[in-house]
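1. any chance you could fold what I've pasted below:
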Amino acid sequence: MTDADIKAFAVQHAPKLAENITRLCGQVIAKGIQGHLEHACALQQRVIDLEAALQRIATWDEHDVSMSVDYGSNGVRDYYRRVALDAINPSPLPSP
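-> Predicted coordinates:
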């Protein structure tokens, strides 16, 4: 095959090759973007969950009187500590 044959082949098939490369690259980019969007959504949910736990701790009013009587202030403290630990240690986030 001569240089002229190679150039003629490239000119003839370049549009189809470019189309295929663009399509394949687009699929790869789309998958990458999808992974990042899923990760961003998971992070957003994580922030919502942490804010909810902080709100529960800040209001400090969901324990009942019997807990305070039965377990004292340490029991109440431990209850809210568990709220915080549950929020801090959730299931792992998906990687992008």
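2. got any ranges where the protein has weak pLDDT?
-> Within the chain, the segments meeting pLDDT under 70 span 1, 6, 10-11, 91-96.
3. if we use 90, what do you get?
-> Scanning the chain with the threshold set as pLDDT under 90 gives 1-46, 59-83, 86-96.
4. how about the secondary structure of the residue nearest the centre of the chain?
-> Residue closest to the average C-alpha location in the chain (CA atoms, centre = their mean): residue 39, at 2.3 Å. Look at residue 39: counting by DSSP: H, G, I helix; E, B strand; the rest coil, its state is helix.
5. tell me how far residue 86 lies from residue 52.
-> 11 Å (CB to CB, to the nearest Å). For the C-beta atoms, the positions are set from N, CA and C on the backbone; glycine is no exception.
6. I should have written residue 81 there, sorry.
-> Residue 81 sits 16 Å away from residue 52, going by CB to CB.
7. with residue 27 instead?
-> As judged by CB to CB, residue 27 and residue 52 stand 38 Å apart.
8. ok, residue 13 next?
-> Residue 13 is 58 Å from residue 52, by CB to CB.
9. also residue 40?
-> For residue 40 relative to residue 52 (CB to CB), the value is 19 Å.
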